[in-house]
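Q: Sequence and predicted model, in that order:
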Amino acid sequence: IRRALEASILLVLVGMCCIAPAAFATRRGEFLAYLAAGTLPLFAATTPMNVAVFESVPRRHRAFAQSVATLAMHAFGDVPTPVVIGVLKDALAPACTPDGKGHLGDACTEQRQRGDLRGITFGCACYFGFSVLAFAIARFRAPRGDDEAAPEGLEAPLLEASEPQWPGNCDGDVAWDDGWEALLSDPALVLVDCRTAGEVSDHGSIPGGLHYSCRMGEDPLAVVEAANVSDRSAPILVYCAVGG
């Protein structure tokens, strides 16, 4: 988590520093060059940010956490900023309105509002500092890896290559979609039927199977736990109507 947050801080700082000079550019090409140079690291920061979000919650909550993070990003970013920038521009630099060719005109310079317009643009770049502060606070509060135990449910970290952590004494020698034909003939087989109640009603139940209606993409470990599999040393086969 800390490494991901540090990468986010670095990328946002680089992007902010690249975009800020655009407020003082005197030519269109110069302005666009600064904007392009800053946009790339800012967009790149979303990758480590997503990793930090995923690593901060149990696996079964990662989708919801990502949704909340995306909602917050838009709620504090691209949704209100056009309105705020427009209000500030109309209040501080009403004469700096571009014509059909994109020129601000002499009125903007004569009324000395160009500086206010630059200040608004520079303030937009500085607003990214809020993200840097938020990432820094999160990094300070994040666990230190080996120094602290990871929160419950954080199996198979995204930033580290590791083998699946199977519950109990299940050794996990057979993958979820591998060796199923051989398993079907094993008398010790534990079969978990994860179809919905409607699918079971339409097609019938599986004799001897443990039923638990799971969702697409749900953590296999959570499915095994919810199905109350008592013998973790037995081979476990999960059946779904459509796969996944």
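A: Received the coordinates, thanks.
Q: from here on, contacts and neighbour counts on C-alpha atoms
A: Will do.
Q: packing partners for the host helix or strand of residue 130?
A: Using DSSP states H and E, residue 130 sits within helix 128-141. If you count contacts as 3 or more CA pairs under 8 Å, 6 or more residues apart in numbering; DSSP states H and E, helix 128-141 packs onto helix 2-19.
Q: CA atoms only for the helix it packs on, dumped as CSV, please.
A: Extracted C-alpha coordinates of helix 2-19, given in CSV (Å, rounded to 0.1, in the frame of the first residue of the first chain):
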residue,chain,number,x,y,z
ARG,A,2,2.8,2.4,0.9
ARG,A,3,4.6,1.8,-2.3
ALA,A,4,1.5,2.4,-4.4
LEU,A,5,0.7,5.6,-2.5
GLU,A,6,4.3,6.8,-2.9
ALA,A,7,4.0,6.3,-6.6
SER,A,8,0.7,8.2,-6.7
ILE,A,9,2.3,11.1,-4.8
LEU,A,10,5.3,11.3,-7.2
LEU,A,11,3.2,11.1,-10.3
VAL,A,12,0.7,13.7,-9.2
LEU,A,13,3.5,16.1,-8.1
VAL,A,14,5.2,15.7,-11.5
GLY,A,15,1.9,16.3,-13.3
MET,A,16,1.1,19.3,-11.2
CYS,A,17,4.6,20.8,-11.8
CYS,A,18,4.3,20.3,-15.6
ILE,A,19,0.8,21.8,-15.9
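Q: Averaged pLDDT, it. What do you get?
A: Looking at helix 2-19 alone, the average pLDDT works out to 93.
Q: One more: stretch 63-83?
A: Mean pLDDT, computed over stretch 63-83, is 90.
Q: what's the answer for stretch 118-133, then?
A: For stretch 118-133, mean pLDDT rounds to 91.
Q: Of all residues in this structure, which one is nearest the centre?
A: Centroid-nearest residue in the chain: residue 50, 3.1 Å away (criterion: CA atoms, centre = their mean).
Q: where's that residue, which helix or strand?
A: helix 46-56.
Q: Sort out which residues of that helix are buried, please.
A: Of the residues in helix 46-56, those with enough neighbours to count as buried (16 or more other CA atoms under 10 Å) are 48-56.
Q: any chance of those in JSON lines, with pLDDT and distance to residue 32 too?
A: Rendered in JSON lines, the data for these read as follows (pLDDT from 0 to 100; distance: CA to CA, whole Å):
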{"residue": "48", "pLDDT": "92", "distance to residue 32": "26"}
{"residue": "49", "pLDDT": "91", "distance to residue 32": "26"}
{"residue": "50", "pLDDT": "91", "distance to residue 32": "28"}
{"residue": "51", "pLDDT": "90", "distance to residue 32": "30"}
{"residue": "52", "pLDDT": "90", "distance to residue 32": "31"}
{"residue": "53", "pLDDT": "90", "distance to residue 32": "32"}
{"residue": "54", "pLDDT": "88", "distance to residue 32": "34"}
{"residue": "55", "pLDDT": "85", "distance to residue 32": "36"}
{"residue": "56", "pLDDT": "86", "distance to residue 32": "37"}
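Q: Among the residues you listed, which one sits closest to residue 89?
A: Using CA to CA, residue 49 is the member of those that lies nearest residue 89, at 31.5 Å.
Q: Excluding chain neighbours, what is closest to the closest one?
A: Leaving out its chain neighbours, the residue that sits closest to residue 49 by CA to CA, 6 or more residues apart in numbering is residue 8, at 6.0 Å.
Q: From residue 42, how far out is the one you found?
A: For residue 8, the distance to residue 42 equals 9 Å [CA to CA, to the nearest Å].
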